[in-house]
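K.L.:
okay, sequence plus prediction incoming.
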Amino acid sequence: MTTSFPQSIGMSASWDPELIKQAGEVTGTEARVIWHRHPDYGLSRWAPTVDLERDPRWGRNEEGYGEDPVLTGKMAGAYIEGMQGDDPKYLRCASTLKHFYGNNTEVGRGWKNSSIDPRNKYELYLEPFRRCIEESGAEGIMTVYNRINGTVGPPEHGHERNHHRRRRNGPGKHGNLGIRHHETGGPEDV
């Protein structure tokens, strides 16, 4: 059994990054306890959701921190810092940002296309991910299912899938930035 917190959108409405960091600390500590009891469960958590909540029809808006990229980056970053801890050598548990990027649909998510112009791409959609990686040291990223401007979400075509699972010396807190393709595994699972 683990602690249940309000949904991310509700926690974000507190505008209190220290409070959200404390929730992350509890999550990370409980992940560590579970790992000690069941080492095969691992120490990576598929959280936080950093997608911007711009479309109420998505159906998973409760998972994210809102529609503002700065607020989302700040609040999700606080949760990451709490989850991962501040030990210079060991992670409490690893965070995995999701869903990179432009994910706003459940129905048809394996084939739909998100059309995103360059300004929105950099100022809105990528900004919370950048903040969470550079400022808070996120350890991993889960990519989207959908296409972005006609191209399948990164990484897929032209890349060895396993090559993207772990990349050493990335910008994560402990030198890692793992990339996991989709929640269910790889492109063949879509």
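P.N.:
On my side now, so go ahead.
K.L.:
who are the packing partners of the biggest helix by length in the chain?
P.N.:
Identified as the longest helix of the chain according to DSSP state H is helix 17-37. Here helix 17-37 touches helix 8-12, strand 44-45, helix 69-84, going by 3 or more Cβ pairs under 8 Å, 6 or more residues apart in numbering; DSSP states H and E. Just so you know, the C-beta spots here come from the backbone N, C-alpha and C atoms, and that holds for glycine as well.
K.L.:
tilt between that helix and helix 69-84?
P.N.:
Inter-element angle recorded for helix 17-37 and helix 69-84: 40 degrees (by axes from the mean of the first three to the mean of the last three Cα atoms, to 10 degrees).
K.L.:
how about the contacts made by T2?
P.N.:
Taking Cβ atoms under 8 Å, 6 or more residues apart in numbering, we find T2 in contact with T27, E30, I34.
K.L.:
and the closest residue to the first one other than its chain neighbours, how many neighbours does it have?
P.N.:
The spatially closest residue to T27, leaving aside those adjacent along the chain, is M83, at 5.4 Å (Cβ to Cβ, 6 or more residues apart in numbering). Burial of M83 is recorded as 27 neighbouring residues (other Cβ atoms under 10 Å).
K.L.:
state the distance from M83 to G137.
P.N.:
For M83, the distance to G137 equals 10 Å [Cβ to Cβ, to the nearest Å].
K.L.:
residues in contact with the most far-flung residue of the chain relative to its centre?
P.N.:
Ranking residues of the chain by C-alpha distance from their mean position (Cα atoms, centre = their mean) puts R37 at the top, at 25.3 Å. Going by Cβ under 8 Å, 6+ apart, R37 touches no other residue.
K.L.:
how much space separates it from G82?
P.N.:
Taken as Cβ to Cβ, the span from R37 to G82 is 21 Å.
K.L.:
swap in E67?
P.N.:
Relative to G82, and taking Cβ to Cβ, E67 is found at 23 Å.
K.L.:
again, but for K74
P.N.:
The gap separating K74 from G82 is 13 Å, by Cβ to Cβ.
K.L.:
what bridges to the one residue sitting closest to the centre of the chain?
P.N.:
Central residue of the chain (Cα atoms, centre = their mean): L97, 1.3 Å from the mean position. Judged by DSSP bridges, the bridge partners of L97 are I141.
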